[in-house]
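*Asks:* Kindly generate the corresponding structure for this input.
(2 chains)
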Protein chains: 2
Amino acid sequence: MNSSETGKPLLRALKGKITDVPPIWLMRQAGRYLPEYRQTRQRAGNFLNLVYSPELACEVTMQPLRRYDFDAAIIFSDILVIPQALGQELEFIEEKGPVLNPVRSAEAFARLSPAKFAETLAPVYEALRLTCAQMRKDGFGRTTMIGFSGAPWTLACYMVEGGSSRDFQHVKSWAYRDPESFSVLIDTLTEAVTEHLLQQIAAGAEVVQIFDSWSGVLDHNQFSQWVIKPTRRIAEAIREAYPDVPVIGFPKGCGRLAMDYAQNSKVTALSLDSQISPKSAVSLFQPLMPVQGNLDPVCLLAGGTALEAGVEDIVAHLGKGPFIFNLGHGIVKETPPENVEKLVALVRGST
Amino acid sequence: MNSSETGKPLLRALKGKITDVPPIWLMRQAGRYLPEYRQTRQRAGNFLNLVYSPELACEVTMQPLRRYDFDAAIIFSDILVIPQALGQELEFIEEKGPVLNPVRSAEAFARLSPAKFAETLAPVYEALRLTCAQMRKDGFGRTTMIGFSGAPWTLACYMVEGGSSRDFQHVKSWAYRDPESFSVLIDTLTEAVTEHLLQQIAAGAEVVQIFDSWSGVLDHNQFSQWVIKPTRRIAEAIREAYPDVPVIGFPKGCGRLAMDYAQNSKVTALSLDSQISPKSAVSLFQPLMPVQGNLDPVCLLAGGTALEAGVEDIVAHLGKGPFIFNLGHGIVKETPPENVEKLVALVRGST
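*Replies:* Have a look, this model is predicted:
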């Protein structure tokens, strides 16, 4: 890096600066692929205890920084804290994932009580404050703190389906049949997400990312209505309150609709999934905004020459514009930690 | 339709002709949304009995024609007959789907015995012959008979993962780590698919469709290697043997990579999933080939004004070029049969 370049590399990239060495962090970098995470997770007893214990959440957020000196920390939490804060029952079942008591009508949604919204989410902000202090203490002065939230559409998917789904027929048919009452759900989520992100920023987040994991299951009209519109409202509200805090949008799996998202959602930067070729992304998206991505998590899991070729393909193309190296989705729990070490070395050119 | 237009509407569209009323059929049109299907299915005892009983497979293939007079029949079968014919154990478990004894290495694959390949698949061809005869007998003279197969990549996904998967890490990491031995699997599948399609044509299929349901989980390099290359080999082999038999390719969920597929896979027509807007598809794909699609199956499930608007959006745009109306994926089993009736009336302009 040029000696005249100062400040945090991730923030610089998000301001549109091109760096010799791209900043790097990984989605789900605090996670089960790390033995020290699994240990803390066991100490917590269950997943939600870990999410809601500020000290333990801080600890697992710090773990990947100590190993890999990533350019960002992302607060350890879960997107489903919002449905829970809105009063929905939530449980994590081993090997199965989240299970929620599904909300499939305006009436069922109206019966939820958000009375404990702020109280439920408070430990997330406390974890952020603790982590920021710990990062300062441990000398991570060039590391950026990222807060995050699920996007309204993706949260609605979990709330209505009651967990993951094959065809998302409950949430989608509600949206098709009665867009008016479905809007009430989406609007409430839009406000909740905005509030949650603003509080995270107040607690120390310097960047926020909006995860729209299920944006890919919608057709173009529905995508515009349930993905782009709410995301734009959130991005605009954040910008109004904190003009300098960048918002990264991650509309996973949305294929060609990513262009509509890039042009209309008002996010600062676009996180790309692994499907799009880096070469196409250079001409399509980098002229519009900084991009983040997009190594296939299974390529990282596989390692070896495939990993080298994958990194080379991405850095050679996207590295010439404003760019943050990341995966195209969360790291897979079976990934050998030494592959992550190799990845960081490859990206930083120190292999 | 103009009185000078003769022949089967689906075949005409596949030859690039534009029709006043687009031909229509639905993926998985012989299926659980029909009470008469559920009855036959119960008589068969289990799903695989139904697949391998020519008389019953013929019967369920005919059922949707009798109700809706679709422009095509698609032989009732399953893409997993090929792994089974190659010697892999296969079972269908209620509410869970297919379970295969996973094959995760070249050695494991080499241990499978394809000795009963032709014998296993023979009932599919017998079902085709029976159905063609039945269609003639029942006066479905304008209805086109479609044969089909899973694509090599999608079949490899099921064979290696042992069923459906969240992240496809076993099949993808094999492909990344050892492309050479993975090629052996893909090449064998490519030959098996080709043989299966040729036999279906010999038994009466006038069109074949290749379903690549999991093409969307690959990055652009892997997509080119494991989706486009094998598909091209299959399409070329079919064309060499049967120059007049159209091949419809369905690379589901592949977003922007669909253009690469359209340009390089040598299929005759492209089946689109629901994500792409009809308006974009007109300018992107219709200049290259006839297209098929792409109503969201959940829009059909929902019915009402959303269904009307969805059909209008598709027909108004794509109907001006060579086009086959279809869903963007298989019909959902909870779909009310009367919604299908309404759909057909909307497409045929008889509402």
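*Asks:* which residues does the residue in the stretch 251-351 of chain A that chain B sits nearest to contact?
*Replies:* Closest to chain B within the stretch 251-351 of chain A is residue A:255: 2.5 Å, counting by Cβ to the nearest Cβ. Just so you know, the C-beta spots here come from the backbone N, C-alpha and C atoms, and that holds for glycine as well. Going by Cβ atoms under 8 Å, 6 or more residues apart in numbering or on different chains, residue A:255 touches A:216, A:275, B:253, B:254, B:255, B:256, B:275, B:276.
*Asks:* for the stretch 151-300 of chain A, what spans make up the helices?
*Replies:* When assigned using DSSP state H, counting those that start in this stretch, the helices of the stretch 151-300 of chain A occupy the ranges A:152-161, A:169-177, A:179-202, A:220-223, A:229-241, A:258-264, A:278-284, A:297-302.
*Asks:* Any chance of JSON lines for the ones you listed, columns mean neighbour count and mean pLDDT?
*Replies:* Output for those, formatted as JSON lines (neighbours: other Cβ atoms under 10 Å in any protein chain shown; pLDDT from 0 to 100):
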{"stretch": "helix A:152-161", "mean neighbour count": "26", "mean pLDDT": "98"}
{"stretch": "helix A:169-177", "mean neighbour count": "24", "mean pLDDT": "98"}
{"stretch": "helix A:179-202", "mean neighbour count": "19", "mean pLDDT": "98"}
{"stretch": "helix A:220-223", "mean neighbour count": "20", "mean pLDDT": "97"}
{"stretch": "helix A:229-241", "mean neighbour count": "19", "mean pLDDT": "98"}
{"stretch": "helix A:258-264", "mean neighbour count": "19", "mean pLDDT": "98"}
{"stretch": "helix A:278-284", "mean neighbour count": "18", "mean pLDDT": "98"}
{"stretch": "helix A:297-302", "mean neighbour count": "26", "mean pLDDT": "98"}
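*Asks:* Surely residue A:298 touches residue B:177?
*Replies:* No. Using Cβ atoms under 8 Å, residue A:298 is not in contact with residue B:177; the gap is 10.0 Å.
*Asks:* Just name the closest of the contacts of residue A:255 to residue B:56, please.
*Replies:* residue B:253 (31.4 Å; Cβ to Cβ).
*Asks:* For chain A, see how far away the closest one is.
*Replies:* Distance from residue B:253 to chain A, counting by Cβ to the nearest Cβ, to the nearest Å: 7 Å.
*Asks:* For that residue, which non-adjacent residue is spatially closest?
*Replies:* Nearest residue to residue B:253, sequence neighbours excluded (Cβ to Cβ, 6 or more residues apart in numbering or on different chains): residue B:216, at 2.7 Å.
*Asks:* OK, contacts around that neighbour?
*Replies:* A:253, A:275, B:251, B:252, B:253, B:254, B:255.
*Asks:* count of neighbours near residue A:49?
*Replies:* 13 (other Cβ atoms under 10 Å in any protein chain shown).
*Asks:* Quick one: residues contacting the residue nearest to it when sequence neighbours are not counted.
*Replies:* Excluding the flanking residues, the one nearest residue A:49 by Cβ to Cβ, 6+ apart is residue A:56, at 7.6 Å. Residues counted as contacts of residue A:56 (Cβ under 8 Å, 6+ apart) are A:40, A:43, A:44, A:49, A:50.
*Asks:* out of these, which is most surrounded?
*Replies:* The most crowded member of the contacts of residue A:56, judged by other Cβ under 10 Å, is residue A:50 (23 neighbours).
*Asks:* In this structure that one contacts residue A:42, no?
*Replies:* No. Applying Cβ under 8 Å as the test, residue A:50 and residue A:42 come out as separate, 9.5 Å apart.
*Asks:* burial count for residue A:341?
*Replies:* 12.
*Asks:* Could you give the separation of whichever helix or strand it is part of from the chain centroid?
*Replies:* In the assignment (DSSP states H and E), residue A:341 maps to helix A:337-347. Taking Cα atoms, centre = their mean, to the nearest Å, one finds the center of helix A:337-347 at 21 Å from the center of the full chain.
*Asks:* which residues touch residue A:65?
*Replies:* A:73, A:135, A:138, A:140, A:143 are the contacts of residue A:65 under Cβ under 8 Å, 6+ apart.
*Asks:* among those, who's most crowded?
*Replies:* Result: residue A:73 is most packed of the contacts of residue A:65 (other Cβ under 10 Å), 27 neighbours.
*Asks:* all strands for chain A, in order.
*Replies:* For chain A, strands defined by DSSP state E occupy the ranges A:72-74, A:90-93, A:97-100, A:144-150, A:207-212, A:247-251, A:269-271, A:291-295, A:323-327.
*Asks:* Local confidence estimate at residue A:1?
*Replies:* pLDDT for residue A:1: 41.
*Asks:* which among the contacts of residue A:65 gets closest to residue B:293?
*Replies:* Minimum distance to residue B:293 across these is 43.4 Å, recorded for residue A:73 (Cβ to Cβ).
*Asks:* so the closest one sits right up against residue A:148, yeah?
*Replies:* No. When contacts are counted by Cβ under 8 Å, residue A:73 is not listed as touching residue A:148 (11.3 Å).
*Asks:* Can you name the residues of the stretch 251-351 of chain A sitting close to chain B?
*Replies:* Within the stretch 251-351 of chain A, the residues that sit near chain B (Cβ under 8 Å from any Cβ of the partner chain) are A:253-258, A:274-277, A:280, A:296-299, A:301-304, A:306-307, A:309-310, A:313, A:328-329, A:332, A:334.
*Asks:* try it again with 7 Å
*Replies:* Within reach of chain B by Cβ under 7 Å from any Cβ of the partner chain, the stretch 251-351 of chain A has these residues: A:255-257, A:274-277, A:280, A:296, A:298-299, A:301-302, A:304, A:306, A:332, A:334.
*Asks:* The residue in the stretch 1-150 of chain A that chain B sits nearest to bridge partners, please.
*Replies:* Closest to chain B within the stretch 1-150 of chain A is residue A:97: 9.0 Å, counting by Cβ to the nearest Cβ. Using DSSP bridges, the bridge partners assigned to residue A:97 are residue A:93.
*Asks:* I figured it was touching residue A:161, is that so?
*Replies:* No. If you go by Cβ atoms under 7 Å, residue A:97 and residue A:161 don't touch, sitting 11.4 Å apart.
*Asks:* ok so, going back, redo the strands of chain A as TSV? Include mean pLDDT.
*Replies:* Listed next are the strands of chain A as TSV, based on pLDDT from 0 to 100:
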stretch	mean pLDDT
strand A:72-74	98
strand A:90-93	94
strand A:97-100	95
strand A:144-150	98
strand A:207-212	98
strand A:247-251	98
strand A:269-271	98
strand A:291-295	98
strand A:323-327	98
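*Asks:* closest to residue B:235 out of those?
*Replies:* Of all the strands of chain A, strand A:291-295 comes closest under Cβ to Cβ, at 29.5 Å.
*Asks:* Against which helices or strands is the helix holding residue A:341 packed?
*Replies:* helix A:54-68, helix A:297-302, helix A:304-318 (3 or more Cβ pairs under 7 Å, 6 or more residues apart in numbering or on different chains; DSSP states H and E).
*Asks:* ranking these by burial, who's on top?
*Replies:* Ranked by mean neighbour count, those are led by helix A:297-302 with a mean of 26 (mean count of other Cβ atoms under 10 Å in any protein chain shown).
*Asks:* for residue A:334, what are its contacts?
*Replies:* If you count contacts by Cβ atoms under 7 Å, 6 or more residues apart in numbering or on different chains, residue A:334 has them with A:301, B:169.
*Asks:* separation between it and residue B:163?
*Replies:* Going from residue A:334 to residue B:163 by Cβ to Cβ, to the nearest Å gives 18 Å.
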